[in-house]
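A.B. asks: fold the following, please.
(chains A, B, C and D)
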Number of protein chains: 2
Amino acid sequence: MSNPPCPAASANDIATIAALIGDPARTNILSALMGGQALTAGELSWHAGVGAPTTSGHLAKLSEAGLLVMERQGRHRYYRLASADIAHTMESLMALAATGPRRHRPPSPKDEALRTARTCYDHLAGRLGTALAGSLDARGHVIVGDGGALVTEAGRDFLAGLGAGLGAALADGNGDGAGGGRPLCRVCLDWSERRHHLAGRLGAALLTCSLERGWIARIPDSRAVTITDAGKQAFSTVFDITAEHLAPK
Amino acid sequence: MSNPPCPAASANDIATIAALIGDPARTNILSALMGGQALTAGELSWHAGVGAPTTSGHLAKLSEAGLLVMERQGRHRYYRLASADIAHTMESLMALAATGPRRHRPPSPKDEALRTARTCYDHLAGRLGTALAGSLDARGHVIVGDGGALVTEAGRDFLAGLGAGLGAALADGNGDGAGGGRPLCRVCLDWSERRHHLAGRLGAALLTCSLERGWIARIPDSRAVTITDAGKQAFSTVFDITAEHLAPK
DNA sequence: CGAACGCTTCGGCGGCGGGCGAAGCATCTC
DNA sequence: GAGATGCTTCGCCCGCCGCCGAAGCGTTCG
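C.D. replies: Numbers count the residues shown, from 1 in each chain, chains lettered A, B, ... in the order given. Below is the predicted model of the structure:
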């Protein structure tokens, strides 16, 4: 009883990882990569807001800890998040930050764009993302429960009819993802809307599908996406999403 | 394009929170509080492994950031986690730490006790927690999907029959918890088993029910719990959990 | 082949922040 | 009221770590 309980192997590792995320420059790097795309060290240096040497050091640390993976291509080095778990943890932290004591929160236009529609690692978030989840839930295509979601038979048929990518994503059925394979459908707590949006293989497929069809378009150097006119039309007719969910503020 | 993208209000807050978690002493404090109980500053000082003055500073910072809440009682000051979200974030970080590059991992006896059965904030985790979730899922009482779970009609009846606390917990039905009320049933990724266990109001009710009936008992100064002989019997007959899930290693 | 570019390593600077001892407030006990 | 206990505040020290400029390696281009 006199010794500290567990100079726990794990406790220390938690602190190590949290400390890695806990630096502003590194947070900027990780946030930039939450779009799911791989970025070069130079681009990340710009996002981080610090010089190239400093960024290099940060990237080395993040990679060594297994949070990032690097791929060399020509004279560029591309970095991306090592797994969806990292993105999940970041979202979790964002949700915490959003609930904390309200600091001065001047809602910038950029902020508003992010709240309207953005990518969260490899799926959709923001008003669009949560509206999509709400629509599928209301129609009984997925059942959004507490912290999770299931795809129904009807939903399977409906989604498979939307596109090839979605059909393939649905192939393996609802698994709980414990077997190593990626879960079909998870939910993610949206830090701006404080509601759930869809993640997992289904969420990823919905994003790529929306991009391929030109319903949304990525905004350079940002996680925000714009909803095209075709997209407004499509989301309205296919998913019954009202216009107010598709426009800023 | 020349300015850093978002000296983002939120990005900085994320870093702030992560940095708070990212100190070993503070991680120990938060881990100790993940048992869901409130602890005094003195007890936390012992868990943290640093002196009283240092601990006091840490507690002040954590409280100001909204991660902890304090309650004075006589000459003691009790601290506890401010919300289940904090616990969720910590679990998320533990999962990341567990997946990282395998460092030396000498499995101590204490470690093994934690893996067998422990509390995770206010619900059960470890082999017992995941076995419980698996049992309820296999019987169709809850549907554990990807990252979430739903209570079925049959499950509602079965669980309500187990005890008053469970019946009350089930009263409000499956909500997605976005409305401010606490979700009925969430899942939590178990960092030791890499499978899901049940959280939310249902998870909390299962824990209190198990404690009240003497199926499990808290181990002082630890998140681990012991499974009593009565508990072994009960979990086996009521939930069909095999003996191997109830014993260390 | 030399120049330009992208990224990393090295060396040194500076500041933030965790740590403790001593002292200051509370609260409970005798 | 005096003393003990629990916790906080203050003042100080010291080490870690983020940051940059300069230099070093690898790749690409003219």
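
A.B. asks: C-alpha only now, for contacts and for neighbours.
C.D. replies: Noted.

A.B. asks: list the buried residues in the lowest-mean-pLDDT helix or strand in chain A.
C.D. replies: In chain A, no helix or strand scores lower on mean pLDDT, DSSP states H and E than helix A:164-170, which sits at a mean of 70. Counting neighbours by 16 or more other Cα atoms under 10 Å in any protein chain shown, one finds that the buried residues in helix A:164-170 are A:165, A:166, A:167, A:169, A:170.

A.B. asks: can you pull the contacts of the last one?
C.D. replies: Contacts were defined as Cα atoms under 8 Å, 6 or more residues apart in numbering or on different chains; by that measure residue A:170 touches A:156, A:160, A:184, A:201, A:202.

A.B. asks: make sure residue A:217 is indeed in a helix.
C.D. replies: No: using DSSP: H, G, I helix; E, B strand; the rest coil, the secondary structure at residue A:217 is strand, not a helix.

A.B. asks: who does it bridge with?
C.D. replies: In this structure, residue A:217 bridges to residue A:226 when assessed by DSSP bridges.

A.B. asks: re earlier: okay if I get the contacts of residue A:170 as TSV plus secondary structure?
C.D. replies: Converted to TSV, the contacts of residue A:170 look like this (three-state DSSP):
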residue	secondary structure
A:156	helix
A:160	helix
A:184	coil
A:201	helix
A:202	helix
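
A.B. asks: ok, of those residues, which one's closest to DNA strand C?
C.D. replies: Using Cα to the nearest atom of the strand, residue A:201 is the member of the contacts of residue A:170 that lies nearest DNA strand C, at 29.6 Å.

A.B. asks: now the phi/psi pair for the residue of chain A found nearest DNA strand C, please.
C.D. replies: Distance from DNA strand C to each residue of chain A (Cα to the nearest atom of the strand) is smallest for residue A:42, at 3.2 Å. For residue A:42, the backbone dihedrals are phi -70, psi -50 (criterion: degrees, to the nearest 10).

A.B. asks: buried among the contacts of residue A:170? Make that a ChimeraX selection.
C.D. replies: Burial among these is assessed by 16+ other Cα under 10 Å; the matching ChimeraX selection reads:
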select /A:156,160,184,201,202
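
A.B. asks: wait, isn't the residue of chain A closest to DNA strand C in contact with residue A:54?
C.D. replies: No: taking contact to mean Cα atoms under 8 Å, the distance of 11.2 Å between residue A:42 and residue A:54 leaves them out of contact.

A.B. asks: let me know the next secondary structure element after the lengthiest helix in chain A.
C.D. replies: Across chain A, the longest stretch assigned as helix under DSSP state H is helix A:84-99. Toward the C-terminal end, the helix or strand that comes next after helix A:84-99 (DSSP states H and E) is helix A:109-116.

A.B. asks: gap between that next one and the chain center?
C.D. replies: When distances are taken as Cα atoms, centre = their mean, to the nearest Å, helix A:109-116 is centred 15 Å away from the chain's centroid.

A.B. asks: so where's chain A uncertain?
C.D. replies: Scanning chain A for pLDDT under 70 picks out the ranges A:1-12, A:100-108, A:145-148, A:164, A:171-182, A:249.

A.B. asks: ok, which stretches of chain A are strands?
C.D. replies: Using DSSP state E, the strands of chain A run over A:39-40, A:68-73, A:76-81, A:118-120, A:123-125, A:142-144, A:149-151, A:187-189, A:196-198, A:216-218, A:225-227.

A.B. asks: now render those strands as CSV, adding distance to residue B:241 and mean neighbour count.
C.D. replies: Written out in CSV, the entries for these read as follows (distance: least, Cα to Cα, whole Å; neighbours: other Cα atoms under 10 Å in any protein chain shown):
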stretch, distance to residue B:241, mean neighbour count
strand A:39-40, 48, 19
strand A:68-73, 39, 15
strand A:76-81, 38, 19
strand A:118-120, 38, 25
strand A:123-125, 37, 30
strand A:142-144, 28, 24
strand A:149-151, 25, 28
strand A:187-189, 29, 24
strand A:196-198, 32, 29
strand A:216-218, 49, 18
strand A:225-227, 48, 21
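
A.B. asks: please name the bridge partners of the residue nearest the centre of chain A.
C.D. replies: When Cα atoms, centre = their mean is applied to chain A, the residue found nearest the centroid is residue A:120 (1.8 Å). For residue A:120, the residues forming beta bridges with it (DSSP bridges) are residue A:123.

A.B. asks: who in chain A is up against DNA strand C?
C.D. replies: Proximity of chain A to DNA strand C is assessed by Cα under 7 Å from any atom of the strand, with A:40-43, A:52-57, A:59-60, A:75-78 identified as the residues in range.

A.B. asks: got a quick PyMOL command for the buried subset of the residues you listed?
C.D. replies: Those of these that count as buried under 16+ other Cα under 10 Å are selected in PyMOL with:
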select buried, chain A and resi 40+41+42+43+52+55+56+59+78
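
A.B. asks: re earlier: okay if I get the strands of chain A as CSV plus distance to residue B:237?
C.D. replies: As requested, the strands of chain A are arranged in CSV below (distance: least, Cα to Cα, whole Å):
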stretch, distance to residue B:237
strand A:39-40, 54
strand A:68-73, 46
strand A:76-81, 45
strand A:118-120, 44
strand A:123-125, 43
strand A:142-144, 31
strand A:149-151, 29
strand A:187-189, 34
strand A:196-198, 37
strand A:216-218, 54
strand A:225-227, 53
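
A.B. asks: surely residue A:82 meets residue A:71?
C.D. replies: No: judged on Cα under 8 Å, residue A:82 makes no contact with residue A:71 at a distance of 11.3 Å.

A.B. asks: can the longest helix of chain A be found next to chain B?
C.D. replies: Yes: using Cα under 8 Å from any Cα of the partner chain, helix A:84-99 comes into contact with chain B via A:85, A:86, A:88, A:89, A:92, A:93, A:94, A:96, A:97, A:98.

A.B. asks: contacts for that helix?
C.D. replies: A:31, A:34, A:67, A:81, A:120-121, A:188-192, A:194, B:10, B:13-14, B:17-18, B:85-86, B:88-89, B:92-93, B:96.

A.B. asks: mind doing that once more with 7 Å?
C.D. replies: Outside of helix A:84-99, the residues within contact range by Cα atoms under 7 Å, 6 or more residues apart in numbering or on different chains are A:34, A:67, A:121, A:191, B:10, B:13-14, B:17, B:85, B:89, B:92-93, B:96.

A.B. asks: OK, contacts around the residue of chain A closest to DNA strand C?
C.D. replies: Residue A:42 makes contact with residue A:52 under the criterion Cα under 7 Å, 6+ apart.

A.B. asks: mind checking how far it is from residue A:63?
C.D. replies: As for residue A:42, its distance to residue A:63 is 16 Å (criterion: Cα to Cα, to the nearest Å).

A.B. asks: same thing with residue A:137?
C.D. replies: From residue A:137 over to residue A:63 (counting by Cα to Cα), the distance is 38 Å.

A.B. asks: what do you get for residue A:19?
C.D. replies: The separation that residue A:19 has from residue A:63, given Cα to Cα, amounts to 14 Å.

A.B. asks: more neighbours: which of those two?
C.D. replies: In this comparison of residue A:19 against residue A:63, neighbours counted by other Cα atoms under 10 Å in any protein chain shown, the higher total goes to residue A:19 at 21 against 17.

A.B. asks: what about the residue nearest to that one when sequence neighbours are not counted, neighbour count?
C.D. replies: The shortest distance from residue A:19 to any residue other than its chain neighbours is 3.8 Å, reached at residue B:22 (Cα to Cα, 6 or more residues apart in numbering or on different chains). Neighbouring residues of residue B:22 were enumerated by other Cα under 10 Å; the total is 24.
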